[in-house]
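Trainee: Please find the sequence and the predicted model below.
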Amino acid sequence: MKPSSPHVNEGFPIRITDVVTAGGRRELEGRLNAFNVESTGFADARDLFCLLRDSDGTLVAGIDGFTWGGYAHVEVLWVSEPLRGRGIGTRLLEAAEAEARERGCTSIVLSSHEFQAPSLYTKLGYHPVGTTEDTPVGYSEIHFHKHLAGEL
């Protein structure tokens, strides 16, 4: 009989919640990041982040993601309704791509729900690499990839 792990047993109650503490999230992400570094040898993760605010300090657009191990991942790109269609999303994404290249990244990935901006990403040279259905129910999420190497 195989001995059970002292860290995992039926005695740990599992309660899923929608209450997240910043410290708890950092601790969990830190553990995963440590595993990723140990597994790959890449310890170069850096945030890829920019917020744009108007003269009153109100958030009007922004981008959030990271670079790690030679690639970039955009997790959030948002532009306020009155500024959409004026090139701000494109400029934010192009700035993130340029910074990713500076950091030695050769590719960038992101996802977009079908009701968000998939046509923007296609227009900017991103290629769909997969789709998940019913995410959320009744809609699709498209996953994109773009090669950055040699695009200076």
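Mentor: Nice, thanks for sending it over. Numbering: from 1, shown residues only.

Trainee: Show me what residue 130 bridges to in the sheet.
Mentor: As for beta bridges, residue 130 partners with residue 143 under DSSP bridges.

Trainee: Give me the below-cutoff pLDDT ranges for this protein.
Mentor: Low-confidence regions of the chain, defined by pLDDT under 70, span residues 1-9, 150-152.

Trainee: any idea where the helices of it begin and end?
Mentor: Ranges of helices in the chain, per DSSP state H, are 22-40, 88-102, 118-123.

Trainee: Show me how far the shortest one is from its chain's centre.
Mentor: This points to helix 118-123. Helix 118-123 sits 17 Å away from the centroid of its parent chain (CA atoms, centre = their mean, to the nearest Å).

Trainee: Only the buried residues of that helix, if you could.
Mentor: Across helix 118-123, burial judged by 16 or more other CB atoms under 10 Å covers 118, 120-121. Quick note: C-beta positions are derived from backbone N, CA and C, even for glycine.

Trainee: so residue 89 sits right up against residue 117, yeah?
Mentor: Yes - using CB atoms under 8 Å, residue 89 is in contact with residue 117, at 6.6 Å.

Trainee: what residues are shared contacts of the two?
Mentor: Overlap of the contact sets of residue 89 and residue 117 (by CB atoms under 8 Å, 6 or more residues apart in numbering) consists of residue 77.
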